[in-house]
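K.L.:
Show me the folded form of this:
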Amino acid sequence: MNKKKVAIVSNSLGKGGAERFAALLTFMLEESGFEVHSIVVNNVVDYSYTGTLFNLEKESLGSFSFLKKLKKGILLRRYLTKNNIEIVIDSRTRNVLLRELITRLIYQNTKIYYVVHSYNFKNYFPSSVFWSKIMYKNTEALICVSKAIEEKINQLYKFKNTITIYNPFFIAEEELKKETLETQKVILFFGRFDEKVKNFTLMLEAFSNSQIFLKGYELHLLGSGNDLDFITQKLESLDLNNYVKTFPFKQNPFDEVRKAKFTILTSHYEGFPLSIIESLALGTPVVAVDCNSGPREIIQNEFNGLLVENNNIKALSKAIKRFADDNELYHFCKKNASESVKHLSLKNISEQWKNLLANQK
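P.N.:
Residues are numbered from 1 along each chain as shown. Alright, predicted model coming up:
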């Protein structure tokens, strides 16, 4: 029986949550019986993937900026045609209207699914409702990674073809079954060093305000991004250099997560953050702000973590202190952590994708 051919188009397969999702989706779809092609716009490949990879950046090396973009479009069209791609899942940011209208022409004769990864709609929709409706006209579905995103889309655009499918975690069974590591006095952030999204100002000021470093706690920041210098300067100004350490990006920071007392998320906005799901799956509770969107759909306050009002330094520093000082609450949340995200396993989420795509004729 011929397998249905699916192309996942993403900005890259490196560093960010949307890119990690695109890599995970290759495994989900292959497991579900599809022939999987990954098409990346930029030459960054850090995450493991399966199937065939087509790197538009590599294939268009040497061209000038405008010509390179044009060449990428031609190469993408040729690839889709040559490989008889039936379904395109577009996981990119889509913030240039003209480019996206041209991309729709490139995708012609395929079933198109668009993924919306973030509550920051500027990355996915034109400012005009009219052009948004044109851009997403006749697509099979808009796949939202949280219910909050789907509700906002329906409120703004009245689309009838939205569906929520949460991001999964993909952690090998042997990793999940590893012996519990001795918990260290470490609070861990892992993700992109991007102040505009992750709000390190709030995180560092709340950590400073909590004073738990006087009890031997450290904050570890694990990742990469353009704002490492900003973070370094912030540590200097808050006199936190002795208590906060930065570490380079790591594809699977599972041991670091398992050893941490808890992980932390302070974003201005999100989609459905993989870092929270992975942390809980590994048995490590989370302190997160109630940003749009994701955390409130994952964290049950005082059950598997602490959910606090966003942009509130006092509330966040109190939550940090609670997990450091209240052993009963902390161990209760730790005990519930992994069970609370079992519904987000790769197997369960794969089934939802299979049901969505397999019925296409």
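K.L.:
The protein: strands as residue ranges?
P.N.:
5-10, 35-40, 52-55, 87-90, 111-116, 141-144, 162-164, 186-192, 218-224, 244-248, 262-265, 286-289, 305-308 (DSSP state E).
K.L.:
And for the fifth one, what's in contact with it?
P.N.:
I take that to be strand 111-116. If you take CB atoms under 8 Å, 6 or more residues apart in numbering as the criterion, strand 111-116 is touched by 18, 21, 86-91, 94, 104, 124, 136, 138-145, 149, 153, 271, 356-357, 360. In this view, the C-beta of every residue, glycine as well, is placed from N, C-alpha and C.
K.L.:
what lines up beside that strand in the sheet?
P.N.:
Strand pairing for strand 111-116, determined by DSSP bridges: strand 87-90 (parallel), strand 141-144 (parallel).
K.L.:
now the shortest one
P.N.:
Sheet neighbours of strand 162-164, with direction, are listed as strand 141-144 (parallel) (DSSP bridges).
K.L.:
Spatially, which residue comes closest to residue 35, not counting chain neighbours?
P.N.:
Beyond its immediate neighbours in the sequence, the residue positioned closest to residue 35 (CB to CB, 6 or more residues apart in numbering) is residue 3, lying 4.2 Å away.
K.L.:
Check the spacing between that neighbour and residue 261 real quick.
P.N.:
Going from residue 3 to residue 261 by CB to CB, to the nearest Å gives 46 Å.
K.L.:
Just want to know which of these two has more residues nearby.
P.N.:
Ranked by neighbour count (other CB atoms under 10 Å), residue 3 and residue 261 place residue 261 first, with 21 against 13.
K.L.:
who touches that one in this structure?
P.N.:
By CB under 8 Å, 6+ apart, the contact set of residue 261 is 183, 184, 185, 186, 187, 217, 284, 323, 324, 330.
K.L.:
Break down the stretch 51-200 of the chain into its helices, ranges please.
P.N.:
Assigned by DSSP state H, counting those that start in this stretch, the helices in the stretch 51-200 of the chain fall at 56-59, 65-82, 97-106, 129-135, 147-157, 173-176, 195-198, 200-210.
K.L.:
contacting residues around the longest one?
P.N.:
The reference is to helix 65-82. With contact meaning CB under 8 Å, 6+ apart, helix 65-82 is reached by 7, 9, 37, 39, 41, 54, 56-57, 59-60, 63, 85, 88, 99, 102-103, 106-107, 110.
K.L.:
ok, 6 Å please
P.N.:
Residues outside helix 65-82 that contact it (CB atoms under 6 Å, 6 or more residues apart in numbering): 54, 56, 59, 60, 63, 106.
K.L.:
dump the residue contacts of the last one.
P.N.:
Read it as residue 106. By CB under 6 Å, 6+ apart, the contact set of residue 106 is 73, 76, 77.
K.L.:
where's the residue lying closest to it once chain neighbours are set aside relative to residue 249, distance?
P.N.:
In this structure, residue 106 finds its nearest non-sequential neighbour in residue 77, 4.7 Å apart by CB to CB, 6+ apart. According to CB to CB, residue 77 and residue 249 sit 33 Å apart.
K.L.:
and what of residue 146?
P.N.:
Counting by CB to CB, the separation of residue 146 from residue 249 is 25 Å.
K.L.:
who's more crowded, these two?
P.N.:
residue 146 (27 against 16).
K.L.:
Was I right to think that one contacts residue 294?
P.N.:
Yes - contact criterion CB atoms under 6 Å: residue 146 and residue 294 qualify, at 5.2 Å.
K.L.:
Show me the common contact partners of these two, please.
P.N.:
Common contact partners of residue 146 and residue 294 (CB under 6 Å, 6+ apart): residue 272.
K.L.:
Which strands and helices lie in contact with the helix or strand of the chain with the lowest mean pLDDT?
P.N.:
Every helix and strand in the chain was compared by mean pLDDT, DSSP states H and E; the lowest is helix 173-176, with a mean of 78. In terms of contacts (3 or more CB pairs under 6 Å, 6 or more residues apart in numbering; DSSP states H and E), helix 173-176 is not packed against any helix or strand.
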